[in-house]
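# Predicted coordinates and the sequence they were generated for:
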Amino acid sequence: MQFTIFKLKFRTPLHIGDNRPNYESCERFVHSDTLFSALINTWKLLYPDDLDVFFPESAPASISFPYFRISSAFPFAGEELFFPKPFYSPPYPQDGDSGDAKTFKKLIWIGKNHLEQWLKGESLKIEDACLSPDKHFLFSDKIPKYQPNPVIVQDSPRIRKDRETEQTEIFYYSRLYFAENAGLYFLATFQNEEWERKFNAVLNLLGDEGLGGDRSVGNGLFEVIERKEGFSLILPEKSNHFLTLSLYHPKSGEMSKNLDNFYYELINRSGWVYSGRGHSLRRNNVRMFSEGSVFLGSGNERGDVVKVLDPLPERNLPHAVYRYGQVLSLPISVAEEAL
C-alpha cells in the first residue's frame, strides 16, 4: 500500500476553527474535510471546467469522488511523522511500568515506528526520553534537543467593537505555531497522472492563498517542502480491522449497525460556507467517525461525500455544498480477546 506524501511548512501562523462559537480555541491539525474544501475552493480558480465534477447539477444527497483520496493533515517534526493514536490499544507489556496506562491516555500522536508496531498488535514500551514535554507526542527515538514540542498554541488578545454602542471588549484568538523544521503533512492517492498534476498545481496555489482563518491578514500561508511518491508503512501480514487516517462518513449499508466491538469517536462537523460569493451561510451538521477509529472490515470501505446545503441562488450560492467523508485507511490487527 503506497501513498504520495506532502509536507507543508507554514510561513505564517495557522488558525483552524473547531465547533466552539469563538476564536479562543482551535484544532491542532487539519481534518480531511477542511483540507478538501480548501482545495476545491482553490481548484475553481485554476480549473473552472472541473466544477461539474465537484458540484453536480442534480445535487444528490451524497456522491462518490474517485479521482483522489486524502488523509487529514497531521504534524511532522524533522524526519518524524506523527499519526493519531488509534482508539484501540494493544496489550501493555507484562513487565512494563505500571504508569504506561496513564501515559497512553495522555498521548495524542505517535511516531511512524510506533504506529507500525501498533498496526501489528505488538505491545509497546514507552521511554520518557521519547515523550514531548506535554506528553502528547511519542517520538520513535529520543527527542532532538532542538525540537521538544512540534506544535505550540498561542493566544493573541484582540479588541471587538460594538457597531451600535461603540463599546469595546477584549477577546483572544488562538493560532498554531510550528517549531523549526516542523509542520503538517498528509497522504494521498490518485486515480491517474492528470489528476495528480492538477492536484499539485492547486496545492501550490493554496499555499499562497492561505489555509484556515484570518487569511485576509496573511495567516495560513505555506509552501510544499516535500512531495514524494511511493511512501509506505510496514503493515501486518494478517489483519481483521482497518484504521482511519481521515474523517469517515460510511455509505449506506457499508458498515454493520452493531458497533460494540469497534473503537471509535464521533465528531460533529458544522460551520459556515465559504464558496465564491456565497458567504455567511450556515451549513447543516453532519456526524463522522474521527481519525484513529478502528473498524472491522477489509479496508476496501470507501465512505462518501455528503451534501450539507442545497443551492441558494438568492444568496449567491448556485451549487450544493458537500463535506468530504471518504476514508483513507490502513489495515490493523486486533487481538481476538478484544473482540
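Everything's here; your move.
# now the helices: where do they sit in the stretch 1-150 of the chain?
Taking DSSP state H, counting those that start in this stretch to define them, one finds helices in the stretch 1-150 of the chain at 32-46, 51-54, 100-106, 112-119.
# what ranges of the stretch 201-339 of the chain fall below the confidence cut-off?
Along the stretch 201-339 of the chain, the parts satisfying pLDDT under 70 run over 257-258, 275-279, 336-339.
# try 90
Of all residues in the stretch 201-339 of the chain, those with pLDDT under 90 make up the ranges 212-219, 237-240, 251-262, 270-284, 296-302, 310-321, 334-339.
# Can you show me the helices along it?
Using DSSP H, counting those that start in this stretch, helices in the stretch 201-339 of the chain do not occur.
# follow-up on the earlier one: and of the helices of the stretch 1-150 of the chain, who's closest to I63?
helix 51-54 (9.0 Å; Cβ to Cβ). From N, CA and C alone the C-beta is placed, and that goes for glycine too.
# State the mean pLDDT of the closest one.
Over the span of helix 51-54, the pLDDT mean works out to 84.
# So which elements touch that helix?
Applying 3 or more Cβ pairs under 8 Å, 6 or more residues apart in numbering; DSSP states H and E, we find helix 51-54 packed against helix 32-46.
# Any buried residues in the helix it packs on, and which?
Residues S32, D33, T34, L35, F36, S37, A38, L39, I40, N41, T42, W43 are the ones in helix 32-46 that count as buried (16 or more other Cβ atoms under 10 Å).
# Show me which of the residues you listed is closest to G299.
Of all the buried residues of helix 32-46, G299 sits closest to S32, with 16.6 Å by Cβ to Cβ.
# My guess is that closest one contacts F74. True?
No - contact between S32 and F74 fails when scored by Cβ atoms under 8 Å: they sit 10.4 Å apart.
# For these two, list the residues in contact with both.
Residues touching both S32 and F74 (Cβ atoms under 8 Å, 6 or more residues apart in numbering) are F186.
# got the helices of the stretch 1-150 of the chain as JSON lines, with distance to R323 columns?
JSON lines is the format used below for the helices of the stretch 1-150 of the chain (distance: least, Cβ to Cβ, whole Å):
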{"stretch": "helix 32-46", "distance to R323": "5"}
{"stretch": "helix 51-54", "distance to R323": "12"}
{"stretch": "helix 100-106", "distance to R323": "30"}
{"stretch": "helix 112-119", "distance to R323": "27"}
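# Nearest to E265 among those helices would be which one?
Going by Cβ to Cβ, the one of the helices of the stretch 1-150 of the chain nearest E265 is helix 100-106, 13.8 Å.
# residues making contact with stretch 72-82?
Outside stretch 72-82, the residues that touch it by Cβ under 8 Å, 6+ apart are 5, 7-8, 28-32, 35, 83-84, 109-112, 137, 139-141, 144, 147, 150-151, 178-179, 181-186, 245-247, 291.
# Can you select the buried ones among these for me in ChimeraX?
Filtering the contacts of stretch 72-82 down to the buried ones (16+ other Cβ under 10 Å) takes a single ChimeraX command:
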select :5,7,8,28,29,30,31,32,35,83,84,109,110,111,112,137,139,140,147,150,151,178,179,181,182,183,184,185,186,245,246,247,291
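# Among the contacts of stretch 72-82, which ones are in strands?
5, 7-8, 83-84, 109-111, 137, 151, 178, 182-186 (DSSP state E).
# Between those residues, which sits nearest F222?
L8 (4.5 Å).
# which residues sit in contact with the residue nearest to the closest one when sequence neighbours are not counted?
Using Cβ to Cβ, 6 or more residues apart in numbering and skipping the chain neighbours, the partner closest in space to L8 is F222 (4.5 Å). Counting by Cβ under 8 Å, 6+ apart, F222 makes contact with L8, K9, F10, R11, G183, G207, L211.
# What distance do you get for the closest residue to V30 other than its chain neighbours to D214?
Of all residues not flanking V30 in the chain, A73 sits nearest, at 3.9 Å (Cβ to Cβ, 6+ apart). A73 is 18 Å from D214, where distance means Cβ to Cβ, to the nearest Å.
# is it true that T4 touches R197?
No - judged on Cβ under 8 Å, T4 makes no contact with R197 at a distance of 11.9 Å.
# out of those two, which sits in the more crowded spot?
A count of neighbours by other Cβ atoms under 10 Å puts T4 above the other of T4 and R197, at 19 against 11.
# so what's that one up against?
T4 neighbours (Cβ under 8 Å, 6+ apart): L187, A188, T189, F190, E196, R227, K228, E229, G230, F231.
# Kindly recompute the last result at 10 Å.
Counting by Cβ atoms under 10 Å, 6 or more residues apart in numbering, T4 makes contact with 68, 70, 186-190, 196, 199-200, 227-231.
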